[in-house]
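*Asks:* how does the following fold in three dimensions:
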Amino acid sequence: MRYELSDVVDAIPALVWTVRSDGHADFLNQRWCDYTGLSLEEARGAGWQAAIYKTDLPVVLDHCRARQATCVPRAIEAGMRRFDGTHRRLLMHGSPFRDESGAIVGRCWYVSHTDLEEQKRTDALLAGEKQVLEMVARGRPLPTILDAVCAVVEAAAPGCHCSIMLIDQSGTRFQRGAGPTLPSGFLDAVDGGAVTYESGPCGMAASLNTQVIVPDVTSDAWWNAEGWPPWVLAHGFRSWWSTPILSLAGTVLGTLALYREAPGRPTVPHQALIEQFTHVASIAIERTQAEAALRRSEAFLAEAQRLSSTGSFAWHATTGGTTWSDQTYRIFEIDRGTPLTSELVHSRIHPDDVAMFDAMVDRARRDGNGLDVEHRLRMPDSSIKYVRVVAHATRDDTGQLEYIGAVQDVTERRLAEDTLDKVRSELAHVARVTTLGVLTASIAHEVNQPLSGIMTNASTCLRMLAEDPPNVDGARETARRAMRDAQRGADVIAKLRGLFAKRGTVTESVDLNEATREVIALSNSELQRARVLVRTELADDLPPVTGDRVQLQQVVLNLLLNASEAMRGVDDRPRQLVIRTELDDEDGVRLSVQDAGVGVDPQNVERLFDAFYTTKSGGMGIGLSVSRSIIARHHGHLRAAQNDGPGATFAFSLPAVGGVDANGSSGSRDSTACPEIL
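*Replies:* This next block holds a predicted model:
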């Protein structure tokens, strides 16, 4: 496609024309005509001179003649009238025509113009923007920054007053931002006002997220209906232009408004100015709000850490570099800012936990797994603290292992748990003693049998010794039988004392089948009296469990007696009770007691285990609660369920020996730590 040279020159975004040495113009591009408001016919020849300041015209003409004489490109500054009647200072650049060889052709020159005032305005705006952004970077207060924004805008838009209103955190109210040159009290009426389209141009701009232009408040029907013009006019303003300030996410942060004493609409330069500095204001507001939110977050976090006795940390496993929060320093009772070293942290570790601690540190460096561990600290005053450390392992940009986590002072919790253990022990003892009354007949039967045997054997022994001659061998044998019966009686008493004695928890390996048989033997008389048929299905080769034998027997005994009680009113079917042991699905051991009684209400199953909740008329409501507590402390679960037929089944599961470590944690759990953390 072929273009005329004049078309190309008209498309250049600059004022271009040609002039001869006598001051006559041969060509002026369309932009020159648009800028001056003169038509091409008016401007040709000497007509262009009407656009030049009269005082500057002789200088421009002399300059034209001088350029022609020397043929050297030159520039001159002169005043020029724009189409709107305003006068601008422009820089005129002149260059001669040259052919392909570079020789000057003819006596005509190209002339282009640069608007110096526009350039100065642009430079001033860039300088103002730079100043504001530097204030933002230095963290100056937001009101100071917004005052500076208003000052730059007012300097670039003579006759205008600038204000910035912010929107509060609720998003429903305005709050004062800046307005350094506005009349006293003008912003007071807006400050705290509702952000609605009826609350003035700023309210409409913010609520509708669009620019609102009021060219003349006296003739605007909408604002007259809202009653705004008298108040605006009272402060000396006729026009009001309000633009929303948007965040990067598009949220309205506030408004930037320009007010003029004369009516009018924003020009193109005005709109460019508004666009530029609403963006600058949004940067300042978002940066300040983000920093304020970060400070609030840090303050909240610090307070939350203090209240929860939880500190945070970061540990670089390769370099050993560490960062602690203030609360972590307080937990370890180390002054803030003290250089953190392995030796310093080691000095706080309880001597009995040092070996475990070092092993966990080595594992942490080697494996890079997460941490979840509790251990003790010994403080300078010899007091003991318990701390729990939880951390997540990550990799930095270079792939090096790093831990981010929290350390919590759990001393109060541990002390409370110890106290709770004592209370539970007391409650368990009460439950066992309560059961003693129910088992009175069984206990009497179990003790009476060996006593009867002792009496019979003693009587027989006396008769044999009274014979003539005395039957010494027979007497000796009956004496041995008496001793055996005495031992049987002593064993029964020992079991009773063990079951009902008040003592601490003893952890040992327990054969659940054997412990169950002992409980059945102890309660056999009571079960027979209640006409309960007991069937045992005890699994062969059942692995042992770790725990307190007496406490586990207490649970089994409580389940047996509860099952017997549930069948007390059953007469239309056998009162059959099934005790079963087996392996569960999680490589543990399961014991269940199934009865044929009245069953349980599925909606109240969990309530059965609540303390002091009972379905028995004379019950205390502590048996099942204590039983579940005991099983939970043995890392197991006690549950109840309605049978498919009559009755219910109560069952508990326990981990087999080897399934729980010495610390009471699952053997698959990785308890690792690092020195600067612990």
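*Asks:* pLDDT value on residue 537, please?
*Replies:* Residue 537 is assigned a pLDDT of 92 by the prediction.
*Asks:* can you report how many residues neighbour it?
*Replies:* 11 (other CB atoms under 10 Å). Placement of C-beta: from N, CA and C, glycine included.
*Asks:* helix, strand or coil for the closest residue in space to it that isn't next to it in sequence?
*Replies:* In this structure, residue 537 finds its nearest non-sequential neighbour in residue 580, 4.3 Å apart by CB to CB, 6 or more residues apart in numbering. Secondary structure, DSSP: H, G, I helix; E, B strand; the rest coil: residue 580 is strand.
*Asks:* is it fair to say residue 542 lies in a helix?
*Replies:* No - assessed with three-state DSSP, residue 542 is coil; it does not lie in a helix.
*Asks:* count the neighbours of it for me.
*Replies:* Look at residue 542: counted by other CB under 10 Å, it has 19 neighbours.
*Asks:* residue contacts, the residue nearest to residue 537?
*Replies:* Contacts for residue 580 (CB atoms under 8 Å, 6 or more residues apart in numbering) come out as 536, 537, 538, 539, 591, 592, 594.
*Asks:* domain assignment for the protein?
*Replies:* According to automatic domain parsing, the chain comprises the domains 5-115, 139-290, 308-409, 422-655.
*Asks:* dump those domains to JSON lines, plus distance to residue 415.
*Replies:* As requested, the domains of the chain are exported to JSON lines (distance: least, CB to CB, whole Å):
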{"stretch": "domain 5-115", "distance to residue 415": "81"}
{"stretch": "domain 139-290", "distance to residue 415": "42"}
{"stretch": "domain 308-409", "distance to residue 415": "8"}
{"stretch": "domain 422-655", "distance to residue 415": "11"}
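*Asks:* residues in contact with the helix or strand hosting residue 330?
*Replies:* Using DSSP states H and E, residue 330 sits within helix 326-332. With CB under 8 Å, 6+ apart as the test, helix 326-332 has contacts from 302, 305-306, 309-313, 335-336, 338, 345, 348, 377, 385, 387, 407, 409.
*Asks:* in it, which residues are buried?
*Replies:* For helix 326-332, the neighbour count (16 or more other CB atoms under 10 Å) marks 327, 328, 329, 330, 331, 332 as buried.
*Asks:* quick one: least confident helix or strand in the chain?
*Replies:* strand 104-115 (a mean of 58; mean pLDDT, DSSP states H and E).
*Asks:* so for the next helix or strand along the chain from that one, mean pLDDT?
*Replies:* The C-terminal neighbour of strand 104-115 among helices and strands, as given by DSSP H and E, is helix 116-137. What helix 116-137 shows for mean pLDDT is 79.
*Asks:* off-centre distance for helix 116-137?
*Replies:* When C-alpha coordinates are averaged (CA atoms, centre = their mean, to the nearest Å), helix 116-137 and its chain have centres 41 Å apart.
*Asks:* now could you export just the CA positions of that helix as PDB?
*Replies:* C-alpha atoms of helix 116-137 as PDB (Å, rounded to 0.1, in the frame of the first residue of the first chain):
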ATOM      1  CA  LEU A 116       8.200  22.700  27.300                       C
ATOM      2  CA  GLU A 117       5.400  23.300  29.800                       C
ATOM      3  CA  GLU A 118       4.000  19.800  29.100                       C
ATOM      4  CA  GLN A 119       7.500  18.400  29.500                       C
ATOM      5  CA  LYS A 120       8.000  20.400  32.700                       C
ATOM      6  CA  ARG A 121       4.600  19.200  33.900                       C
ATOM      7  CA  THR A 122       5.500  15.600  33.100                       C
ATOM      8  CA  ASP A 123       8.900  16.000  34.900                       C
ATOM      9  CA  ALA A 124       7.200  17.500  37.900                       C
ATOM     10  CA  LEU A 125       4.700  14.700  38.100                       C
ATOM     11  CA  LEU A 126       7.400  12.100  37.800                       C
ATOM     12  CA  ALA A 127       9.400  13.900  40.500                       C
ATOM     13  CA  GLY A 128       6.300  14.100  42.700                       C
ATOM     14  CA  GLU A 129       5.500  10.400  42.100                       C
ATOM     15  CA  LYS A 130       9.100   9.500  42.900                       C
ATOM     16  CA  GLN A 131       8.900  11.500  46.100                       C
ATOM     17  CA  VAL A 132       5.700   9.800  47.200                       C
ATOM     18  CA  LEU A 133       7.000   6.300  46.500                       C
ATOM     19  CA  GLU A 134      10.200   7.100  48.400                       C
ATOM     20  CA  MET A 135       8.100   8.100  51.400                       C
ATOM     21  CA  VAL A 136       6.200   4.800  51.000                       C
ATOM     22  CA  ALA A 137       9.400   2.900  50.900                       C
END
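*Asks:* tell me the buried residues in the helix or strand following that helix?
*Replies:* Proceeding N to C from helix 116-137, the next assigned helix or strand is helix 142-156, under DSSP H and E. Neighbour counts over helix 142-156 (16+ other CB under 10 Å) mark 142, 145, 146, 147, 148, 149, 150, 151, 152, 153, 154, 156 as buried.
*Asks:* partner residues bridging the residue lying closest to the third one once chain neighbours are set aside?
*Replies:* Just to be clear, that refers to residue 146. Nearest non-adjacent residue to residue 146, counting by CB to CB, 6+ apart: residue 178, 3.5 Å away. Taking DSSP bridges as the rule, residue 178 bridges to residue 164.
*Asks:* residue 178 touches residue 141, doesn't it?
*Replies:* No - applying CB atoms under 8 Å as the test, residue 178 and residue 141 come out as separate, 11.0 Å apart.
*Asks:* quick one: which of these two has more around it?
*Replies:* residue 178 (24 against 10).
*Asks:* what residues are up against the more buried one?
*Replies:* Contacts of residue 178 by CB under 8 Å, 6+ apart are 143, 146, 147, 149, 150, 162, 163, 164.
*Asks:* what is the nearest of the residues you listed to residue 518?
*Replies:* Checking these against residue 518 by CB to CB gives residue 143 as the nearest, at 82.0 Å.
*Asks:* isn't the closest one up against residue 177?
*Replies:* Yes - with contact defined as CB under 8 Å, residue 143 counts as touching residue 177 (7.2 Å).
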